[in-house]
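Enquirer: Prediction below, plus the sequence it came from.
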Amino acid sequence: MRHGQSLGNVDESAYVNTADWRIPITDLGRKQAKNAGKLLREKISEDDAKVVFYVSPYLRTHQTLDELLPYFDESEILAVQEEPRISEQQIGNFQNVQQVLNAKDERSKFGRFYYRFPSGEAGLDVYSRVSSFITTLVRDCTQYNLAGHDLDNVNVVWFQFSVHDFEESYNPDNCELVTLEKRKDSCGHRWMELLEKDRKNLRLPENCGVPRNVQLHHLQGVSDECLENKWGV
């Protein structure tokens, strides 16, 4: 999920004298996070649920997470991990508002994936660091939640979207939950699929709901009667 509405979301001048990673969420952002906590609790309803939360070092993601944690018992939370690799795309240091607005306008013409901010990152840079994080995510746990920023970049790595698909997609709204369902076939292959409503909300084509490697190896539909919505133990 993305963080709650931040001060920077409503006032671009917040970045002039405050470092991006120290920008707080607004009162509305806290309400959004509380509501997201309720929705997340409903999604993770198993009696034996165990959760690992990954959160970027940014103040706004930690404040968002603070509103989620009360919905979970301590015994359900395996860990809360701070993870710099899922930080916001770097645009610059203390920012000149007009220069940033001009750069964003230029980016919309050039393309979000390859455009590099003069003092920051390109989407490709975010893709590279998130790629290394995905390996950690798979290794560490089987059920998890992210409190981060550029979740469109997380999705593009997980599902191996094309650059064109990325350019056409939308970033989630503040505190919007993006859910990946666990799937398993009779041969023991396991993968995650994007919920249909989330795929449509992100304006992704139909083929982007399933990772490309699943399509590559023709795993989907191998044995439909044996597919499960939950992984077995």
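Expert: Received the coordinates, thanks.

Enquirer: Helices of this structure, residue ranges please.
Expert: For the chain, the helices defined by DSSP state H cover 7-10, 14-17, 27-43, 59-68, 97-110, 123-140, 151-158, 163-168, 196-201, 212-216.

Enquirer: Which among these is found nearest to S75?
Expert: With Cβ to Cβ, the closest approach to S75 among the helices of the chain belongs to helix 27-43: 14.4 Å. Where C-beta positions appear, they are placed from N, C-alpha and C, glycine not excepted.

Enquirer: Work out the gap between that closest one and the centre of the chain.
Expert: 15 Å (Cα atoms, centre = their mean, to the nearest Å).

Enquirer: got it, and stretch 46-61?
Expert: On Cα atoms, centre = their mean, the centre of stretch 46-61 falls 12 Å from the chain's centre.

Enquirer: Any idea how far apart the tips of it sit?
Expert: Counting by Cα to Cα, to the nearest Å, you get 25 Å between the two ends of stretch 46-61.

Enquirer: Could you shift the numbering so residue one becomes 38, and keep it that way?
Expert: Done: numbering now begins at 38, and the last item shifts to stretch 83-98.

Enquirer: Would you mind listing the buried residues in that stretch?
Expert: V88, V89, F90, Y91, V92, S93, Y95, L96, R97, T98 (16 or more other Cβ atoms under 10 Å).

Enquirer: now stretch 122-139
Expert: R122, I123, S124, E125, Q126, I128, G129, Q132, V137.

Enquirer: I'd like these as TSV, with distance to E49 and pLDDT appended.
Expert: Output for these, formatted as TSV (distance: Cβ to Cβ, whole Å; pLDDT from 0 to 100):
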residue	distance to E49	pLDDT
R122	26	93
I123	23	92
S124	19	94
E125	14	93
Q126	15	93
I128	11	92
G129	12	89
Q132	8	91
V137	7	92
